[in-house]
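[1] Sequence unavailable; structure follows:
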Ligand code: NAD
């Protein structure tokens, strides 16, 4: 038996990065996922997700034999530390995070784990979840003395591996000091570099995660509202953002005007925090307002485009460039681009979309995902930039001029070079710039 090896249960965006990251420190890591297709790919060194640098990192830990993959958690019965990174999607019924995947994973671990093992929850979970899991383990597996730790994840898709190796802080919450120390030990490489470690109880740790995401979502929503104002009163939102972001009390990050926040975390986590607040009679009014503004934003954008074009989108062909919720990821969960596709289809437009890596299908005869930007722009009356991919930034749109029906572009990400030669021949509107009409 290999003592003190680590198991990661659920190797999606978070779990796989955690597993590859720890394995690259030389720690022995076993990966468990119910998805046999995912495990088969991983065994062959193929990441099931798109993430910069992941393929090379995965193949080097496979070559170093510090990582292994299985669908059967029983193969991890020799591990003393289990990280759980299964999904906690929004429950349609309650608005809170669903815990069924987590509860199933923790029960499966508890059945096979050795006495004294530590189960560290990386999934984002409602405040009180870890305490409830601990109580259940104490009741159902008292003889095993298993300890729950809350160890929330702060990585960003698109820069996930870089974020793993350069954390700004690590949060470790537990009722058990020895369990906190076991998790801390697995991050010894970060401890040696002086990365701040926040050791707390589980409620504090769980709250930190939700509060961090809600704060960032608020920052995005704030600049989007200021951007709307700039469109009407005049000015340039990038200069406004720079002007406020240079104030160190505010900081420059998350001040890019756009179609609203999306992805698998912010929408779900803000909604969960609002639901938790209501459940405890402590309404989170700022977060509730942020959710409301963000939800309606992407649909207002279509009205904004129609106003700018002086025409309805209904019956027109529209090119949507970008489907992922942000650049450098293939994740389309809660993507503003995808909502805009749906809204366009509802409006009666024909949509031709292109994304360098993300795939999105919808069963609608007026929708097609194309293999190239040129293909997507064929016959388009409007070209919408929906994701901030670098290749859209540097693309010379003169190449598609002969293809489009009208040289109209709406840049929701403010990335195209409006000073480029080709731009002078196009009618370009951007979020956060004065409306032309
Ligand atoms: P994901 O859907 O990409 O991955 C979850 C994985 O868990 C899947 O591969 C699934 O097959 C597996 N799984 C589910 N039940 C299982 C079980 N019982 N045993 C083994 N495997 C099981 O999810 P994700 O994006 O990695 O998110 C995981 C958690 O981390 C969520 O709570 C999320 O909110 C949180 N989080 C995500 C991010 C992010 O950027 N994606 C960042 C921070 C925190």
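    Structure received. These numbers come from a predicted model, not from an experiment.
[2] From now on I want contacts and neighbour counts done on CA atoms only, so please keep to that.
    OK.
[3] So what touches the helix or strand in which residue 6 is found?
    Per DSSP states H and E, residue 6 falls inside strand 5-9. Identification of contacts with strand 5-9 by Cα atoms under 8 Å, 6 or more residues apart in numbering yields 15-16, 18-19, 27-33, 73, 76, 78-86, 105.
[4] is the ligand contacted by that strand?
    Yes - using Cα under 6 Å from any ligand atom, strand 5-9 reaches the ligand at residue 9.
[5] how far off strand 5-9 does the helix or strand just after that strand point, in degrees?
    Using DSSP H and E, the next helix or strand after strand 5-9 towards the C-terminus is helix 13-24. Between helix 13-24 and strand 5-9, the angle comes out at 160 degrees (axes from the mean of the first three to the mean of the last three Cα atoms, to 10 degrees).
[6] For helix 13-24, name the packing helices and strands.
    Where contact means 3 or more Cα pairs under 8 Å, 6 or more residues apart in numbering; DSSP states H and E, helix 13-24 is packed against strand 5-9, strand 29-32, helix 54-63, strand 67-70, helix 160-165.
[7] Just checking: what are the partner strands of the fourth one?
    Strand 67-70 pairs in its sheet with strand 29-32 (parallel), by DSSP bridges.
[8] And the next helix or strand past the partner strand?
    helix 36-43.
[9] State the mean pLDDT of that following helix.
    Mean pLDDT, helix 36-43: 98.
[10] Over to stretch 205-223?
    The average pLDDT within stretch 205-223 is 98.
[11] cool, and stretch 93-104?
    For stretch 93-104, the per-residue pLDDT averages 93.
[12] How about stretch 314-324?
    Taken as a whole, stretch 314-324 has an average pLDDT of 96.
[13] now do stretch 382-398
    Mean pLDDT, stretch 382-398: 95.
[14] Mind listing what's buried along that stretch?
    382-389, 392, 396-397 (16 or more other Cα atoms under 10 Å).
[15] What helices and strands are in contact with the helix or strand containing residue 267?
    Element membership for residue 267 (DSSP H and E) is helix 266-279. Here helix 266-279 touches helix 202-233, helix 285-309, going by 3+ Cα pairs under 8 Å, 6+ apart.
[16] most packed of these?
    Of all those, helix 202-233 has the most neighbours on average by mean count of other Cα atoms under 10 Å, namely a mean of 20.
[17] burial measure for the residue in the stretch 301-437 of the chain that the ligand sits nearest to, as a count.
    Residue nearest to the ligand within the stretch 301-437 of the chain (Cα to the nearest ligand atom): residue 331, separated by 8.5 Å. Using other Cα atoms under 10 Å, residue 331 has 24 neighbouring residues.
[18] Would you agree it is in contact with residue 357?
    No - here residue 331 lies out of contact with residue 357, judged by Cα atoms under 8 Å, at a distance of 9.1 Å.
[19] Adding mean neighbour count and mean pLDDT, write the helices and strands packed on helix 13-24 out as CSV.
    Shown next, in CSV, are the helices and strands packed on helix 13-24 (neighbours: other Cα atoms under 10 Å; pLDDT from 0 to 100):
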stretch, mean neighbour count, mean pLDDT
strand 5-9, 27, 97
strand 29-32, 26, 98
helix 54-63, 19, 98
strand 67-70, 22, 98
helix 160-165, 18, 97
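[20] And the ones you listed: which comes nearest residue 257?
    Checking the helices and strands packed on helix 13-24 against residue 257 by Cα to Cα gives helix 160-165 as the closest, at 22.5 Å.
[21] Helix or strand next in line after that closest one, which one?
    strand 170-174.
[22] so after that next one, what's the next helix or strand?
    Next along the chain after strand 170-174, taking DSSP H and E as the criterion, comes helix 177-186.
[23] Just want the angle from that following helix to strand 170-174.
    Interaxial angle, helix 177-186 versus strand 170-174 (the same axes, to 10 degrees): 160 degrees.
[24] what's in contact with helix 177-186?
    22, 81, 118, 120, 147-149, 172-174, 191, 199.
[25] buried sites along it?
    Quick answer for helix 177-186 (16+ other Cα under 10 Å): 179-180, 182-184, 186.
[26] what's the closest of those to the ligand?
    Out of the buried residues of helix 177-186, the member with the shortest distance to the ligand (by Cα to the nearest ligand atom) is residue 183, at 17.0 Å.
[27] just for the stretch 51-200 of the chain, where's the confidence low?
    The model of the stretch 51-200 of the chain has no residue with pLDDT under 70.
[28] how does this protein divide into domains?
    What automatic domain parsing lists as the domains of the chain is 5-200, 210-291, 298-430.
[29] Which residues of the protein lie near the ligand?
    Going by Cα under 6 Å from any ligand atom, the residues of the chain near the ligand are 9-15, 32-35, 85-88, 101, 104-105, 122-124, 153-157, 264-265.
[30] Kindly supply the PyMOL command isolating those of those that are buried.
    In PyMOL, this line selects whichever of the residues of the chain next to the ligand come out buried by 16+ other Cα under 10 Å:
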select buried, resi 9+10+11+12+13+14+15+32+33+85+86+87+88+105+122+123+124+153+154+155+157+264+265
